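1. Build me a structure from this.
(one chain, ligands or ions: 2)
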Amino acid sequence: MPGQLVYIMGPSGSGKDSLLQQVAQRADTRLHLMKRCITRSAESEGEDAFSLSPAEFDAMEARGEFAMSWRANGLAYGIPATLDALLGQGHTVLVNGSRAYCEQAVQRYPSLLVVLVQVQPQLLMQRLLLRGRESPEEIAQRLSRNTTLDTAFTQRLREQGTRFVILDNSSDLQSAATALLNTIESVTSLEQP
Ligand SMILES: Nc1ncnc2c1ncn2[C@@H]1O[C@H](COP(=O)(O)OP(=O)(O)OP(=O)(O)O)[C@@H](O)[C@H]1O
Ligand SMILES: O=P(O)(O)OC[C@H]1O[C@H](OP(=O)(O)O)[C@H](O)[C@@H]1O
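-> Ligands and ions are numbered 1, 2, ... in the order given. I've put the predicted structure just below:
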């Protein structure tokens, strides 16, 4: 496909959604941020997503209306199949992805750019509590995912030759967004004929 998929992943609270919003605001029209379908209430704080019931999600998934889909944190997440049309038209497309789904994403889109967003661990809980979208119990469950997820897959990504960068968002959001945009621009300009 002529476009470039940018798959942003990282722990809950690392700032994926904030970074994507920043970059989408600053970037040109060939850069698209995919709006996700999530079985989360439409009233939830934060991310602008399509809110679906579990039954609606399952029906869309069965009809093949997602380019990618996964379950995590008690929720189902889907990236609409329009992703493939955008990539086919040559756009750079940003996706808020899951670490647990990353290897499947690489299999489907081998030329994707994987960006792992990291922050100092002690900041994660603080930022999630301040965001206030989940209860303290749900936040603890989200953070426990960081110890159970297999992090060796990042090593495998490098060995497979997948384009993979780590982006630190421990400091201010603007600096991290600039670094992300620079990374995307360096990869997409490499793709120019
Ligand atoms: N650099 C930063 N400095 C201070 N606060 C930040 C920074 N980046 C993000 N935040 C804040 O941290 C909280 C978590 O950020 P965000 O929702 O973007 O994370 P996320 O990785 O998308 O999390 P999740 O996977 O749980 O949706 C938000 O309240 C956001 O405003
Ligand atoms: O823990 P991992 O597998 O990386 O991610 C799981 C899911 O959680 C986050 O979504 P949100 O916090 O519900 O918006 C991610 O974006 C991903 O979809």
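2. Would the worst-scoring helix or strand of the chain on mean pLDDT count as contacting ligand 2?
-> Least confident element among the helices and strands of the chain, by mean pLDDT, DSSP states H and E: helix 152-160 (a mean of 85). No: Helix 152-160 lies apart from ligand 2 when judged by CB under 6 Å from any ligand atom; the minimum separation is 10.8 Å. Every residue, glycine included, has its C-beta placed from N, CA and C.
3. now that helix, how far from the centre of its chain.
-> For helix 152-160, the separation from the chain centroid amounts to 18 Å (computed by CA atoms, centre = their mean, to the nearest Å).
4. cool, stretch 39-49 as well?
-> On the basis of CA atoms, centre = their mean, stretch 39-49 is displaced by 15 Å from the centre of the chain it belongs to.
5. Could I get the buried residue list for that stretch?
-> Neighbour-count burial for stretch 39-49, with 16 or more other CB atoms under 10 Å as criterion, is recorded at 39-40, 47, 49.
6. Can you list the buried residues in the least confident helix or strand of the chain?
-> Those buried within helix 152-160 under the rule 16+ other CB under 10 Å are 154, 157.
7. neighbouring contacts of it?
-> Counting contacts by CB atoms under 8 Å, 6 or more residues apart in numbering, the residues outside helix 152-160 that touch it are 99, 102-103, 106, 114, 116, 164.
8. quick one: which of the buried residues of stretch 39-49 is nearest to ligand 2?
-> Nearest to ligand 2 among these is Glu47, at 5.7 Å by CB to the nearest ligand atom.
9. Give the helix, strand or coil label for that closest one.
-> Taken by DSSP: H, G, I helix; E, B strand; the rest coil, the conformation at Glu47 corresponds to coil.
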